[in-house]
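Novice: give me the fold of what follows.
(2 chains)
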Amino acid sequence: QQQVKQSPQSLIVQKGGIPIINCAYENTAFDYFPWYQQFPGKGPALLIAIRPDVSEKKEGRFTISFNKSAKQFSLHIMDSQPGDSATYFCAASRGGSGGGADGLTFGKGTHLIIQP
Amino acid sequence: GAVVSQHPSWVICKSGTSVKIECRSLDFQATTMFWYRQFPKQSLMLMATSNEGSKATYEQGVEKDKFLINHASLTLSTLTVTSAHPEDSSFYICSAKTNVDYTFGSGTRLTVV
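Specialist: Numbering: from 1, shown residues only, chains lettered A, B, ... in the order given. The predicted structure follows:
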């Protein structure tokens, strides 16, 4: 059973456009929702994360929108650049703040290409 | 910020041999370490959770006798793939939980020939 569903699987956007990646979760016990960027052969790097007490969070060019009632969250990348081309994963966990947290459940990933 | 150092970054081994992967937390104490496996063009799948000084907890379908995890100190956790076979070839990544978020190692590409 896939607990975090991510879409689209792949996405091509022109430079300067705003790619949007969506995720939906099933486990209402999840309370930490991060987004990771991964380049080939490297470990994932945290971009931005949100907790369910807020509906939106911005950090630089990255924005997370969170809809608790719909159990959905999305990543927006403003002013996208070719260097943003990578695979993006959403994830979720329970007990994400402080100690005693579970491991992360990842979405299947989105392969993003930003065309010059 | 918190850094997890993972070694080796890549390893090639013969079928039937064992391989050890190390993850060290460099500037913090990692009470809990998570181990993930990622097959090509796929997502990260949690294999096991290790807590310092206690036995690891394995996810369903992960063979605990094949993937030995040791977390003997607050700064070092190891994953040993025993009697490796070609189907064990994958990208293995460790992650430690800090007070803020999860920090990942850079991964180990294991190829079993």
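Novice: excluding its backbone neighbours, what's nearest residue B:94?
Specialist: residue B:23 (3.7 Å; CB to CB, 6 or more residues apart in numbering or on different chains). To be clear about C-beta, it is placed using only N, CA and C from the backbone, and glycine gets the same treatment.
Novice: and that neighbour, what element?
Specialist: In the assignment (DSSP states H and E), residue B:23 maps to strand B:19-25.
Novice: ok, which stretches of chain A are strands?
Specialist: For chain A, the strands defined by DSSP state E cover A:4-7, A:10-14, A:20-25, A:33-38, A:45-50, A:56-59, A:62-67, A:72-77, A:86-92, A:105-106, A:110-115.
Novice: tell me the residues of chain B that contact chain A?
Specialist: B:6, B:31-32, B:34, B:36, B:42-46, B:49, B:91, B:93, B:95, B:97, B:99, B:101-107, B:109 (CB under 8 Å from any CB of the partner chain).
Novice: find the nearest non-adjacent residue to residue B:81, please.
Specialist: The nearest residue in space to residue B:81 (CB to CB, 6+ apart) is residue B:19, at 4.8 Å.
Novice: give the contact list for the one you found.
Specialist: Applying CB atoms under 8 Å, 6 or more residues apart in numbering or on different chains to residue B:19 gives the contacts B:11, B:13, B:80, B:81, B:84, B:110.
Novice: again with residue A:27
Specialist: Contacts of residue A:27 by CB under 8 Å, 6+ apart are A:3, A:92, A:94, A:105.
Novice: please apply the same query to residue A:19.
Specialist: Residues near residue A:19 by CB under 8 Å, 6+ apart: A:11, A:13, A:76, A:77, A:80, A:84, A:112, A:114.
Novice: with residue A:109 instead?
Specialist: Here residue A:109 is in contact with A:6, A:9, A:38, A:87, A:88, A:89, B:42, B:43 (criterion: CB under 8 Å, 6+ apart).
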